[in-house]
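1. build me a structure from this.
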Amino acid sequence: GLILSTLINKNYQGGFGIIKGWFFDPLLFSFILIHKIKDLKDIENILKTFYFSAFVVSLVAIEYFFYGHLSYDGRLSAFWSSPNYLAMFLAPAIFIGIYILKSNKQKTKSKNITMIFSLAIVAFIIYLTHSYSTWISIFLGLLIIELITKKINTKNIIIFSLVISLFLLAQINNPKIKEVFSERSSLNSRITIWKSSALMIKNNFFLGIGPGNFQNKYLEYQKYFPPYLEWAVPQPHNMFLAFWL
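-> All right, here's what the predicted structure looks like:
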């Protein structure tokens, strides 16, 4: 299906590049991973490796922050093209870090302090991205984990509420909060992108538009909608829509 869609839509370089990057490489990596993993210890080592990677990236991002390398709206993206990409990479590390912290009861006090410090660094960098969707995802993820493990207690609820309150208080004067409710907000822009994507799916239900073609098609579909709030849109900001198209 992917190859057929690429051939029909004639974006060979971009299309086959996406097939390689989005599908072939991850599948190959997954097959190798499944073949090599023998037990839970291997899985834990992979998680620890990812966490270490995220921590190192956070340290590098701190340098970008102190040198003032921020986006036009004051958000930290480090060496990524978007603050959202940095936040998306670091978000799983929060869950992995908490798991590492709680899973090994034999750790010394100094090791626990080191883990808490590293988690705080990662969380601080995620905060500096001002990626609200990532923040919401992390908070909801932690809440769901509490619910399914049935370990909710008063202490956890208090800590959870305090953290959310601090995040919200810190954003009161941020222009981005006000923009969320404005006509030109990123949310309204996303809604237009999703509507445009839905119309593309309606018109190209089985063959899609071909990988790597969204930007051009998006501009073509502007005539069906009010003036776009956002013009440079290489992907539809939704994994399901992106894969279908």
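
2. lowest-scoring secondary structure element of this protein by mean pLDDT?
-> Every helix and strand of the chain was ranked by mean pLDDT, DSSP states H and E. The lowest is helix 175-180, at a mean of 63.

3. could you identify the helix or strand that succeeds it?
-> Proceeding C-terminally, helix 175-180 gives way to helix 186-203 as the next helix or strand, assigned by DSSP states H and E.

4. in that next one, which residues are buried?
-> Within helix 186-203, the residues scored as buried using 16 or more other C-beta atoms under 10 Å are S186, N188, S189, R190, T192, I193, S196, S197, M200, I201. The way it works is simple: take the backbone N, C-alpha and C, and place the C-beta from them, glycine included.

5. which residues does the residue lying closest to the fifth one once chain neighbours are set aside contact?
-> Leaving out its chain neighbours, the residue that sits closest to T192 by C-beta to C-beta, 6 or more residues apart in numbering is F225, at 5.8 Å. For F225, the set of contacting residues under the criterion of C-beta atoms under 8 Å, 6 or more residues apart in numbering consists of T192, K195, S196.

6. center of this protein, which residue is that?
-> Centrality entry for the chain: nearest residue to the mean C-alpha point is M88, 2.6 Å, by C-alpha atoms, centre = their mean.

7. now do the SS call for that one.
-> With DSSP: H, G, I helix; E, B strand; the rest coil as the basis, the three-state label of M88 is helix.

8. nearest residue to it other than its sequence neighbours?
-> Excluding its sequence neighbours, the residue lying closest to M88 (C-beta to C-beta, 6+ apart) is T134, at 6.4 Å.

9. surely that neighbour and A93 touch.
-> No. Under the criterion of C-beta atoms under 8 Å, T134 makes no contact with A93, lying 11.6 Å away.

10. more neighbours: which of the two?
-> Looking at T134 and A93 with other C-beta atoms under 10 Å, you find the greater number of neighbours at A93, namely 26 against 21.

11. how far away is the more buried one from A170?
-> Using C-beta to C-beta, to the nearest Å, A93 is found at 21 Å from A170.

12. quick revisit: how about the contacts of F225 in a markdown table, adding pLDDT and distance to F50?
-> Below are these laid out as a markdown table (pLDDT from 0 to 100; distance: C-beta to C-beta, whole Å):
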| residue | pLDDT | distance to F50 |
| --- | --- | --- |
| T192 | 90 | 35 |
| K195 | 93 | 36 |
| S196 | 94 | 35 |
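
13. could you say what helices and strands the helix ranked longest in the chain packs with?
-> The residue-count maximum for a helix in the chain (DSSP state H) belongs to helix 40-66. With contacts taken as 3 or more C-beta pairs under 8 Å, 6 or more residues apart in numbering; DSSP states H and E, helix 40-66 sits against helix 83-103, helix 109-129.

14. show residues contacting the first one.
-> Spelled out, it's helix 83-103. Outside of helix 83-103, the residues within contact range by C-beta under 8 Å, 6+ apart are 44, 47-48, 50-51, 54-55, 57-58, 61, 71, 75-78, 80, 112, 115-116, 118-119, 122-123, 125-126, 129-131, 133-134, 137-138, 141-142, 145.

15. now the buried members of these.
-> 47, 51, 54-55, 57-58, 61, 75-78, 80, 115, 118-119, 122-123, 125-126, 129-131, 134, 138, 142.
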